[in-house]
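Colleague: Let's see this in three dimensions:
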Amino acid sequence: MLHASPGVPQEQRRIERHLLGSYLQVFNRHSGRPMGYLGNISRQGMMLISDLPVMLGSFYELQLRLPGANDVPDCVNFTAMSHWCRADASPGFYDSGFSIVHNQQAFAGLAKSLEQYFSFQYPVDA
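Modeller: Below is the predicted model:
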């Protein structure tokens, strides 16, 4: 599906836009049910945006499913502990802070990859 921008004829747009949330959804690892979306990430933790508040001080077995080859998702399994939860700026949503307590190395690698993917890198002038 192509989306037209003001002043740009629709037939000139060649890149389909996708919402990041559709790729960065967080699941309960055991039930497979969605818990919410990744709001932000660091090497030690993450913020989850969900439609339900989470219990504080609880451990959660979670999974991120990243786009993989041949439509088979690459899964990152990890255990996280909830530290805080507050109402999001958008009504009906909650932001929750988690620290990663198991599989920190894989999670840190994911955070680094996402940081590199979404950062603008400019050449250094000599």
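
Colleague: What is the burial count for Gln104?
Modeller: Gln104 is flanked by 15 other residues according to other CB atoms under 10 Å. Quick note: C-beta positions are derived from backbone N, CA and C, even for glycine.

Colleague: Wait, it touches Gln44, no?
Modeller: Yes: in this structure, Gln104 is within contact of Gln44 by CB atoms under 8 Å, at 7.3 Å.

Colleague: Please, where are all the strands along the protein?
Modeller: Applying DSSP state E to the chain gives strands spanning 25-28, 34-41, 45-50, 59-66, 74-87, 94-102.

Colleague: In the fifth one, which residues are buried?
Modeller: Of all the residues in strand 74-87, those buried under the rule 16 or more other CB atoms under 10 Å are Val76, Phe78, Thr79, Ala80, Met81, Ser82, Cys85.

Colleague: Give me the helices and strands touching that strand, please.
Modeller: The helices and strands touching strand 74-87, judged by 3 or more CB pairs under 8 Å, 6 or more residues apart in numbering; DSSP states H and E, are strand 59-66, strand 94-102, helix 104-118.

Colleague: what is the mean pLDDT for it?
Modeller: For strand 74-87, the mean per-residue pLDDT is 92.

Colleague: Show me what that strand is in contact with.
Modeller: Here strand 74-87 makes contact (CB atoms under 8 Å, 6 or more residues apart in numbering) with 29, 45-46, 53-68, 93-104, 106-107, 110.

Colleague: rerun that using 6 Å as the cut-off
Modeller: By CB atoms under 6 Å, 6 or more residues apart in numbering, the surrounding residues in contact with strand 74-87 are 29, 53-54, 56, 58-66, 68, 94-103, 106-107, 110.

Colleague: next one: the first one
Modeller: Outside of strand 25-28, the residues within contact range by CB under 6 Å, 6+ apart are Pro34, Met35, Gly36, Tyr37, Leu38, Leu48, Leu62, Gln63.

Colleague: what residues are up against the residue lying closest to the third one once chain neighbours are set aside?
Modeller: Think Gly36. Excluding the flanking residues, the one nearest Gly36 by CB to CB, 6 or more residues apart in numbering is Ser50, at 3.1 Å. Applying CB under 6 Å, 6+ apart to Ser50 gives the contacts Met35, Gly36, Tyr94.
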